[in-house]
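A.B. asks: Sharing a model prediction with you, sequence too.
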Amino acid sequence: MQPAHLQKSNCADEMFELVRQLYPICRSITGNGVRETLRVLQGHIPLNIQEVPTGKQVFDWTVPKEWNVRDAYIKNSKGEKIIDFRRCNLHVLNYSLPVNKTMSRDELRAHTFTLPDRPDWIPYRTSYYQENWGFCLSHKQLTELRDDEYQVFIESTLQDGHLTYGECSIKGQTDDEVLISTHVCHPSLANDNLSGIAVAVFLAKHLAPKTSRYSYRFLFTPGTIGSITWLSLNEEQASRVKHGLVLACVGDPGKVNYKKSRRGHAEIDRAVIQVLKDSGDGYEIHEFSPYGYDERQFCSPGFNLPVGCFMRTPYGKYPEYHTSADDLSLVQAQCLNDSLAKCLSVFELLEGNRTYINLNPKCEPQLGKRGLYGSIGGSTDKRSRELAMLWVLNLCDGKHSLLDISERSGLSFLAIREAADLLGEKALLKDCSSVFNT
Amino acid sequence: MQPAHLQKSNCADEMFELVRQLYPICRSITGNGVRETLRVLQGHIPLNIQEVPTGKQVFDWTVPKEWNVRDAYIKNSKGEKIIDFRRCNLHVLNYSLPVNKTMSRDELRAHTFTLPDRPDWIPYRTSYYQENWGFCLSHKQLTELRDDEYQVFIESTLQDGHLTYGECSIKGQTDDEVLISTHVCHPSLANDNLSGIAVAVFLAKHLAPKTSRYSYRFLFTPGTIGSITWLSLNEEQASRVKHGLVLACVGDPGKVNYKKSRRGHAEIDRAVIQVLKDSGDGYEIHEFSPYGYDERQFCSPGFNLPVGCFMRTPYGKYPEYHTSADDLSLVQAQCLNDSLAKCLSVFELLEGNRTYINLNPKCEPQLGKRGLYGSIGGSTDKRSRELAMLWVLNLCDGKHSLLDISERSGLSFLAIREAADLLGEKALLKDCSSVFNT
Amino acid sequence: MQPAHLQKSNCADEMFELVRQLYPICRSITGNGVRETLRVLQGHIPLNIQEVPTGKQVFDWTVPKEWNVRDAYIKNSKGEKIIDFRRCNLHVLNYSLPVNKTMSRDELRAHTFTLPDRPDWIPYRTSYYQENWGFCLSHKQLTELRDDEYQVFIESTLQDGHLTYGECSIKGQTDDEVLISTHVCHPSLANDNLSGIAVAVFLAKHLAPKTSRYSYRFLFTPGTIGSITWLSLNEEQASRVKHGLVLACVGDPGKVNYKKSRRGHAEIDRAVIQVLKDSGDGYEIHEFSPYGYDERQFCSPGFNLPVGCFMRTPYGKYPEYHTSADDLSLVQAQCLNDSLAKCLSVFELLEGNRTYINLNPKCEPQLGKRGLYGSIGGSTDKRSRELAMLWVLNLCDGKHSLLDISERSGLSFLAIREAADLLGEKALLKDCSSVFNT
């Protein structure tokens, strides 16, 4: 299933390298970490960076103050840094207010977060919309706090500024758009979601030089507030979205998990399922639920866009999720590449999913005289190419797309697409896809 | 799932006591047994007793002559009463003509009914529409008939009179009605159907003091001819029935069995299924069939009312069915109470099954600023209350009822109902139930 | 399920005798073998034989030249006939050009077809649309070719002539037609498809003397080109086809396999499935695919006729398929008869699948006063006849056919049909089948 141009490329390694490069940056829903991340992406693709000011009303929400953190640590009574933001940026509760105070152990403990079940891992916690400060520690570190007093220091700012997001638009033959969205707000977490960023970037790199039927729009936004902001500022653009994918957790070795759009039977849903089925690899399909990534916003009832969520192991289904263990060891180059290849196959399917009319609808046309049929009849050999042609001829009545035919016949989309091409070359089919009628 | 006001009540015992009180009465499709039964019920609920004269044409049927029986016995050659109606009223073939005659054993045997497979049980038999007389005996009693002659005595009357039924109407905010119907024509049979009578009476007792959206109508009618009579005299009333349940065999310890209405996917069908699913108890769902209780008449094609049949162990599926073994030992107070609680939950679901519009349909509203969301993000704890809110917000597009949302989300109706209440309090939802548009 | 008139007949043996009689004839898609075959059939049924000239354009196809073969052999260097057409007509590649030449073993081998996996069987091969000559041999015969030179002789003609097919039309009360089609182009192959010819002939024999609602049309055509020719010359006729079956491979002992029409839920599809289900025998249902027998043409998108394919073991699923082992030993008289009986049951179902209105739709009619109900109520005996009547009364609302009722109730079509007859006799039903409104 892997497109030929991918097999030859070094995408796998390049994507992993991008993940590694972005890993140390401390991102949040606003601030310089996102800016720095998007600047790195601009080295790969033409990315339009947008800045939306604090206080801007975006539907029911308000763009929050911008948060930046420069340093943070906890020192024990000997003045030793026992917790250091510079060693792991998860240590700071994301959106922590500044603090600089010597306090009792009990007071400190009230502001710490740990994972008792995973004593070596540091949890990832945020407090975007309730002002607070805090430290995320391994549970082991917490139990080692035996001094009576600690110096607690967070050098952060929370003030009017901007929310930053990136947008990359690739123009196609039509204004109908395919939306690919991924979140860019997590600090040093690799699978969730540097993997999504890397795959999205390389999807854009592959699509940019091609002539496509659809236009493609890539969004790199902070989760929730970012997609809400984009939708609020781009309602007309959103109305052009014909298919969409949210990418998340696409670098781990688990099988692909796809969560359907709210519509449940949208073309994107059927396309992803067909590609996964044709791949021969294991996969799992989930019905839509309103809990997850930014498909929550794209699939809100006022938009109801046909946007699903493409993942490998889903959020919350791997123990490392939202902990320091979601590090570079969890992501594999060949898994990033497999996600890339499958997404490209989905787009190839969407591009090629046209609807034809059989120009010779009464009885079968004589394939033999056109060189499309074995000349010695009666052999019981498998003739899957001929079978694909017979299916295409039988169902091309202007009401069945090639995806419909693939689903009904049980043959791969590729086999059906190739059969349609062969028959088209012999002038036996006419394209009547509604998209070309408009 | 059990409503709080029930847990505190003594309903269970009171219902069982009512069954015990009604058990000795000899009921039939007409006659004083029904009248006496309905008078007992009047001690509990305001019951309107109707008398329909013999000969009245009701659709294809005619109200039959009224039957009453005062005494019946078989005496052996020594003058000993070996069969005595006063010991068990099942002994008389229901609707037997009077007889007073000394006859040979063979002549008598031609008028007896027994259950050879259950030699200790007396069967329940009727002959409403073909004039006859007869005795129902245990098979053991039959085999003990060794005398040559017997004195056979039935003191009964079959003459012009009335068919009697009871009706209890509880007015709600709308004229849309919920119908609860149960048969009152069986003599000393406890589960079939004193259990149904008891549960119906206590449903009415619970609903009467409440303010409900629906009006509730309870029918206590003789089987078949009673519901036909009511439908014939109340065609306009019938057209207001939006949901209905026939109650039968609801006091035994079996799991609940629900037979769907002829429509198969009516709101009552879905409501009962949801309540049973949410209960966590075992249950079984049956497709509609035109054999059973009075749903046969309510679901006849000329009415096609959305009326299902709520049972525990279905008719014919327990060996004691229609025999003297369907006695007080088969019915348990806590089973009556469980049936009552589940029916009340069904009505609560119907009452609360409204349709809302999300007033903030574009993207999610910010639940946090309304105190509806955990303030520390990133925890992987189960947040089922928040999940219910997200489902309600996502599907409240004016096209999904709360029951639709419960079914699609897999969350209990109660969870969905509570989420809608919370969101409603914050002015995030608007009720657009069609019932309020009329 | 077997109709009474069949049980008494000798159909089974007569059908097998017909297969035996036709077996030696060398058929092809044109030529005297088809003519001789159809003349034999004229001894059984009134068959109209059509001759369509070579060169006639039939949709995308052209009627080919007529092929006839009189003799063919291969002689070794001693002048011995080692391969002889007169011993088995499969030896000649069907549609071989004439040849008369002494040639090297290598030259000969380039024109031979064998089955290495089945060294004793001779394959069946054709070359209708690419001029060629060849011999089909058992693989054992091929390996025994040890001489350097052979005399190769085929006395055949390929020249302008006709395509021949047979048509038998049985007029019914309406012009709505049931089409039965079977191919007549295979040489000495018994199950594929002398079995189909024999069953079709005896279906026509049984239907001819009856008064039927539908007209029945039987086609005996060469495969593919024959049905295309018929459709091309009979477009208006084709538009009257309401149901149809292609018969193929109906004489082997395998269970019945039915391939649905392209429509997938046509009345013929449902009728066959119901008959097979009611039969109690094993069976298998296949979704439509555009590969198979002449249903390919009848179900092409420009016609989309409701025509399925009735088989026992499907083509390609028995090893003897298209080999000399598909001989008389593969076909059994009682299997032919079972196929015949099931097809007749299908037609009886279609004939009897009417739609009624319950004239007493409000509540049940009183069956007892019409003698349709047991008079002693309360027995738990199975009352399947009454149950069938209750289903018919409940669903006869003018929207459900008897087949609908059979499917929904789970009762056999025969039980439903008999119940409708009983109720019709009592004037409780009115026929409102749409076919009688036209």
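C.D. replies: Thanks, I have it.
A.B. asks: Not counting sequence-adjacent ones, nearest residue to residue A:33?
C.D. replies: Leaving aside its sequence neighbours, residue A:33 sits nearest to residue A:27 (Cβ to Cβ, 6 or more residues apart in numbering or on different chains; 3.8 Å). C-beta: built from backbone N, CA, C; applies to glycine.
A.B. asks: Point out where the stretch 1-150 of chain A drops to low pLDDT.
C.D. replies: Low-confidence segments of the stretch 1-150 of chain A, defined by pLDDT under 70: A:1-9.
A.B. asks: who touches the closest residue to chain C within the stretch 151-300 of chain A in this structure?
C.D. replies: Minimum separation of the stretch 151-300 of chain A from chain C (Cβ to the nearest Cβ) falls at residue A:277, amounting to 17.0 Å. Contacts for residue A:277 (Cβ atoms under 8 Å, 6 or more residues apart in numbering or on different chains) come out as residue A:283.
A.B. asks: Phi and psi next, for it.
C.D. replies: Main-chain torsions, residue A:277, degrees, to the nearest 10: phi -60, psi -50.
A.B. asks: Let me know the pLDDT of it.
C.D. replies: Note on residue A:277: pLDDT of 98.
A.B. asks: where's the residue nearest to residue A:33, which helix or strand?
C.D. replies: Assigned by DSSP states H and E, residue A:27 belongs to neither a helix nor a strand.
A.B. asks: how close does the residue of the stretch 151-300 of chain A closest to chain C get to residue A:256?
C.D. replies: According to Cβ to Cβ, to the nearest Å, residue A:277 and residue A:256 sit 11 Å apart.
A.B. asks: what's the overlap in contacts for the two?
C.D. replies: Joint contacts of residue A:277 and residue A:256 (Cβ under 8 Å, 6+ apart) are residue A:283.
A.B. asks: What about residue A:410, how many residues nearby?
C.D. replies: Here the number of neighbours of residue A:410 (other Cβ atoms under 10 Å in any protein chain shown) works out to 10.
A.B. asks: before we move on, what about residue A:394?
C.D. replies: 25.
A.B. asks: ok, it touching residue C:292?
C.D. replies: No: using Cβ atoms under 8 Å, residue A:394 makes no contact with residue C:292, being 11.2 Å away.
A.B. asks: Just to check, residue A:34 is in contact with residue A:28?
C.D. replies: Yes: if you go by Cβ under 8 Å, residue A:34 and residue A:28 touch, sitting 7.2 Å apart.
A.B. asks: hey, what's in contact with both of the two?
C.D. replies: Common contact partners of residue A:34 and residue A:28 (Cβ under 8 Å, 6+ apart): A:185, A:222.
A.B. asks: hey, what's the residue nearest the centre of chain A bridged with?
C.D. replies: Centroid-nearest residue in chain A, with Cα atoms, centre = their mean: residue A:247, separated by 1.0 Å. Beta-bridge partners for residue A:247, by DSSP bridges, are residue A:310.
A.B. asks: Could you pull up the residues touching it?
C.D. replies: So residue A:247 contacts A:180-182, A:193, A:195-196, A:199-200, A:309-311, A:339, A:343 (Cβ under 8 Å, 6+ apart).
A.B. asks: among these, which are in strands?
C.D. replies: A:180-182, A:309-311 (DSSP state E).
A.B. asks: possible to save those residues as JSON lines with pLDDT and distance to residue C:219?
C.D. replies: Rendered in JSON lines, the data for these read as follows (pLDDT from 0 to 100; distance: Cβ to Cβ, whole Å):
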{"residue": "A:180", "pLDDT": "98", "distance to residue C:219": "55"}
{"residue": "A:181", "pLDDT": "98", "distance to residue C:219": "59"}
{"residue": "A:182", "pLDDT": "98", "distance to residue C:219": "61"}
{"residue": "A:309", "pLDDT": "98", "distance to residue C:219": "54"}
{"residue": "A:310", "pLDDT": "98", "distance to residue C:219": "52"}
{"residue": "A:311", "pLDDT": "98", "distance to residue C:219": "56"}
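A.B. asks: could you dump those to CSV with distance to residue B:143?
C.D. replies: Below are the ones in strands among the contacts of residue A:247 laid out as CSV (distance: Cβ to Cβ, whole Å):
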residue, distance to residue B:143
A:180, 85
A:181, 83
A:182, 85
A:309, 74
A:310, 77
A:311, 75
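A.B. asks: just those now: which is nearest residue B:159?
C.D. replies: Closest approach to residue B:159 among the ones in strands among the contacts of residue A:247 (Cβ to Cβ): residue A:309, at 76.2 Å.
A.B. asks: Count the residues that sit near the closest one.
C.D. replies: Neighbours of residue A:309 using other Cβ under 10 Å come to 29.
A.B. asks: My read is that residue A:323 contacts residue A:117, right?
C.D. replies: No: with contact defined as Cβ under 8 Å, residue A:323 does not count as touching residue A:117 (10.5 Å).
A.B. asks: Can you pick out the residue with more neighbours from those two?
C.D. replies: Each of residue A:323 and residue A:117 has its neighbours counted (other Cβ under 10 Å); residue A:323 has more, 22 against 8.
A.B. asks: these two touch, right, residue A:47 and residue A:169?
C.D. replies: No: contact criterion Cβ under 8 Å: residue A:47 and residue A:169 do not qualify, at 9.7 Å.
A.B. asks: show me what contacts whichever residue of the stretch 201-350 of chain A sits closest to chain B?
C.D. replies: Distance from chain B to each residue of the stretch 201-350 of chain A (Cβ to the nearest Cβ) is smallest for residue A:302, at 3.2 Å. Residue A:302 makes contacts with B:358, B:361-363, as judged by Cβ under 8 Å, 6+ apart.
A.B. asks: out of the residues you listed, which is most surrounded?
C.D. replies: Ranking the contacts of residue A:302 using other Cβ under 10 Å puts residue B:363 first, with 27 neighbours.
A.B. asks: Enumerate every residue touching that residue.
C.D. replies: A:58-61, A:227-228, A:231-232, A:297, A:300, A:302-303.
A.B. asks: And the residue nearest to residue A:33, its phi and psi?
C.D. replies: Given degrees, to the nearest 10, the pair of backbone angles that residue A:27 has is phi -90, psi 160.
A.B. asks: Could you pick out the longest helix of chain A?
C.D. replies: helix A:333-352 (DSSP state H).
A.B. asks: Only the C-alpha atoms, please, for it, written as CSV.
C.D. replies: Extracted as CSV, the C-alpha positions of helix A:333-352 are listed here (Å, rounded to 0.1, in the frame of the first residue of the first chain):
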residue,chain,number,x,y,z
ALA,A,333,10.7,6.2,12.9
GLN,A,334,9.0,3.4,11.0
CYS,A,335,5.7,3.9,12.9
LEU,A,336,5.7,7.6,12.0
ASN,A,337,6.3,6.5,8.4
ASP,A,338,3.5,4.0,8.5
SER,A,339,1.1,6.7,9.8
LEU,A,340,2.3,9.0,7.0
ALA,A,341,1.8,6.3,4.3
LYS,A,342,-1.7,5.4,5.5
CYS,A,343,-2.7,9.1,5.6
LEU,A,344,-1.4,9.6,2.1
SER,A,345,-3.3,6.5,0.9
VAL,A,346,-6.5,8.1,2.5
PHE,A,347,-5.9,11.3,0.5
GLU,A,348,-5.2,9.3,-2.7
LEU,A,349,-8.4,7.5,-2.2
LEU,A,350,-10.3,10.7,-1.7
GLU,A,351,-8.7,12.2,-4.7
GLY,A,352,-9.5,9.2,-6.8
